[in-house]
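[1] need coordinates for the below:
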Amino acid sequence: MVEKLFKLNENNTTFRTEVLAGITTFMTMAYILAVNPTMLSAAGMDATAVLIATCLASFVGTLAMALLANYPFALAPGMGLNAYFAYTVCGNMGYDWRVALAAVAVEGIIFIILSLTNVREAIFNAIPSTLKKGVSAGIGLFIAFIGLQNGHLVVNNDSTLLSYVDFAGNFHTEGICAILALVGLMLTVVLYFKGIKASILIGIVVTWILGMLSQAVGLYTVDVENGFYSLYPSLGITDFSKIGETFGQVFRADFSGVGIANFIVVLFAFLFVDMFDTIGTLVGVATKAGMLDRNEKLPRIKQALLADAIATTAGAVFGTSTTTTFVESSAGVGAGARTGLAAVVTGLLFLLAIFFAPVFTAIPGFATAPALIFVGFLMLMAIVEIDFDDLTEAVPAYLCLLAMPLMYSISEGIAIGVISYVCINLCCGKAKKITPLMYVLAVLFICKYIFL
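    Presented below is the predicted three-dimensional model:
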């Protein structure tokens, strides 16, 4: 049954590999269970209700990806989009969170239509091969940067924006976290080198255990005010009645005082970022996994995009911000995931997390940091396939991979890559290799910077 459904042999994988990889993906994404409720509660939403909605939306989206497309990509409410939802739409603009959910729902419906009419698929296929490799490498740098931050190895600095952690001055909080993250990274690399399939997952678990031991002997100090919580998981009972606080509230949105023009601006902001974050993630992770065909196209891309659109719409009904394909799926791919079975495992863990949320939310950022940093390295290897002798190909890919970590956005990296690709090739007399859709995308991205 499993073989027939997911074609494990055809994809050169095993049941054990897929299960372990699915667990790895979940553990690198589990932070969303803590972060999303915190963010959306700033918009006036009930945190427990958002937690349940996050689990349900992630389960539905990831299961849809597994069953419709047979890919190991996991979905959850997207970072950045939830911040825009809470702090811009509901904060600066002052709109009720139900209106924001309505914008997310409409965006999801539009995406379903676009996915069924091949528009999103055409955009994916229009991106040149070199840019796809740049996207993959850029995502590698991006998630490595996230890992460095989660591991407290890179911290804010007033004079240089970023700096390495003050190991001595903050030893019992940031310092010990950074040390444990480095230990976990070294362990992951060694295990991976020795060919141990579960190396990334083992790195996460061992780093977490070392953290709990450090807390037990006093090396790690709990400092809730500064964001350093207890590393021990706790068992608690989830109040399931809270889901009523957000479920179906999208249908109760009050649009009085919003205005159609304002609503369209909000809608298109969600639409634009979600579309190219998803496309960028699919390009990058699929490139790393070797899933693109000889024409640099992703088989079953329509089904993958449809699953993403369904997840966004369902998430709005449950009561959470835009649900999208997560770049952390690359951790599972790095651990060997090649089919939807890994996604099924990840989805089921999200469903299980509703009951044991305190356990999963206790996974500290420094424990998942080694996985993100190492997978970032694996994805960065796509850069060697770029033809650096052809500047019209290499420079746009370079700008794309450079922009992603520095602008903290996959979609911005794609925008810079597309615009620079069109402009450079046009000015260098190579207009013939620019497809009409690339011109359209470049103009749309430019308009986005002007009007959104």
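[2] need the contact list for the nearest residue to Met407 once chain neighbours are set aside.
    Leaving aside its chain neighbours, Met407 sits nearest to Gly413 (6.8 Å; criterion: Cβ to Cβ, 6 or more residues apart in numbering). To be clear about C-beta, it is placed using only N, CA and C from the backbone, and glycine gets the same treatment. By Cβ atoms under 8 Å, 6 or more residues apart in numbering, Gly413 lies in contact with 135, 138, 142, 280, 400-404, 407.
[3] what about burial for these, which qualify?
    135, 138, 142, 280, 400-404 (16 or more other Cβ atoms under 10 Å).
[4] out of the contacts of Gly413, who's nearest Thr24?
    Relative to Thr24, the closest of the contacts of Gly413 is Phe142; by Cβ to Cβ it sits at 18.5 Å.
[5] with distance to Val266 and secondary structure added, can I get the contacts of Gly413 in JSON lines?
    Listed next are the contacts of Gly413 as JSON lines, based on distance: Cβ to Cβ, whole Å; DSSP: H, G, I helix; E, B strand; the rest coil:
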{"residue": "Val135", "distance to Val266": "27", "secondary structure": "helix"}
{"residue": "Gly138", "distance to Val266": "27", "secondary structure": "helix"}
{"residue": "Phe142", "distance to Val266": "25", "secondary structure": "helix"}
{"residue": "Gly280", "distance to Val266": "22", "secondary structure": "helix"}
{"residue": "Cys400", "distance to Val266": "27", "secondary structure": "helix"}
{"residue": "Leu401", "distance to Val266": "30", "secondary structure": "helix"}
{"residue": "Leu402", "distance to Val266": "30", "secondary structure": "helix"}
{"residue": "Ala403", "distance to Val266": "24", "secondary structure": "helix"}
{"residue": "Met404", "distance to Val266": "24", "secondary structure": "helix"}
{"residue": "Met407", "distance to Val266": "21", "secondary structure": "helix"}
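[6] distance to Phe85 for those residues - can I get that in JSON lines?
    Listed next are the contacts of Gly413 as JSON lines, based on distance: Cβ to Cβ, whole Å:
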{"residue": "Val135", "distance to Phe85": "25"}
{"residue": "Gly138", "distance to Phe85": "25"}
{"residue": "Phe142", "distance to Phe85": "21"}
{"residue": "Gly280", "distance to Phe85": "20"}
{"residue": "Cys400", "distance to Phe85": "26"}
{"residue": "Leu401", "distance to Phe85": "28"}
{"residue": "Leu402", "distance to Phe85": "28"}
{"residue": "Ala403", "distance to Phe85": "23"}
{"residue": "Met404", "distance to Phe85": "22"}
{"residue": "Met407", "distance to Phe85": "19"}
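[7] end to end on stretch 38-51, go ahead and measure it.
    9 Å (Cα to Cα, to the nearest Å).
[8] now that stretch: mean pLDDT?
    Across stretch 38-51, the average pLDDT comes to 87.
[9] if we can go back for a sec, quick one, grab the pLDDT at the residue nearest to Met407.
    At Gly413, pLDDT is 87.
[10] got the contact list for Leu305?
    Here Leu305 is in contact with 111, 114-115, 120-121, 124, 278, 282 (criterion: Cβ under 8 Å, 6+ apart).
[11] and the gap between it and Ala103?
    Between Leu305 and Ala103 the computed distance is 20 Å (Cβ to Cβ, to the nearest Å).
[12] and if you look at Gly91?
    15 Å.
[13] so for those two, which sits in the more crowded spot?
    Ala103 (27 against 14; other Cβ atoms under 10 Å).
[14] residues in contact with the helix or strand where that one lies?
    Taking DSSP states H and E as the criterion, Ala103 maps to helix 97-116. Outside of helix 97-116, the residues within contact range by Cβ under 8 Å, 6+ apart are 40, 43-45, 85, 89-90, 120-121, 246, 249-250, 252-255, 258, 263, 266-267, 270-271, 274-275, 302, 305-306, 308-317, 319, 321-322.
[15] change it to 6 Å
    43-45, 85, 89-90, 120, 249-250, 252-253, 258, 266-267, 270-271, 305-306, 309, 312-313, 316, 322 (Cβ atoms under 6 Å, 6 or more residues apart in numbering).
[16] which positions in that helix come out as buried?
    Quick answer for helix 97-116 (16+ other Cβ under 10 Å): 97-108, 110-112, 114-115.
[17] now do stretch 200-217
    200-208, 210-212, 214-215.
[18] narrow those to those in helices?
    Residues of the buried residues of stretch 200-217 located in helices (DSSP state H): 200-208, 210-212, 214-215.
[19] reformat these as a markdown table; add pLDDT and distance to Ile363.
    Output for these, formatted as a markdown table (pLDDT from 0 to 100; distance: Cβ to Cβ, whole Å):
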| residue | pLDDT | distance to Ile363 |
| --- | --- | --- |
| Ile200 | 84 | 14 |
| Leu201 | 82 | 12 |
| Ile202 | 88 | 14 |
| Gly203 | 89 | 13 |
| Ile204 | 87 | 8 |
| Val205 | 88 | 9 |
| Val206 | 93 | 13 |
| Thr207 | 94 | 10 |
| Trp208 | 92 | 6 |
| Leu210 | 96 | 13 |
| Gly211 | 95 | 10 |
| Met212 | 95 | 11 |
| Ser214 | 95 | 15 |
| Gln215 | 95 | 14 |
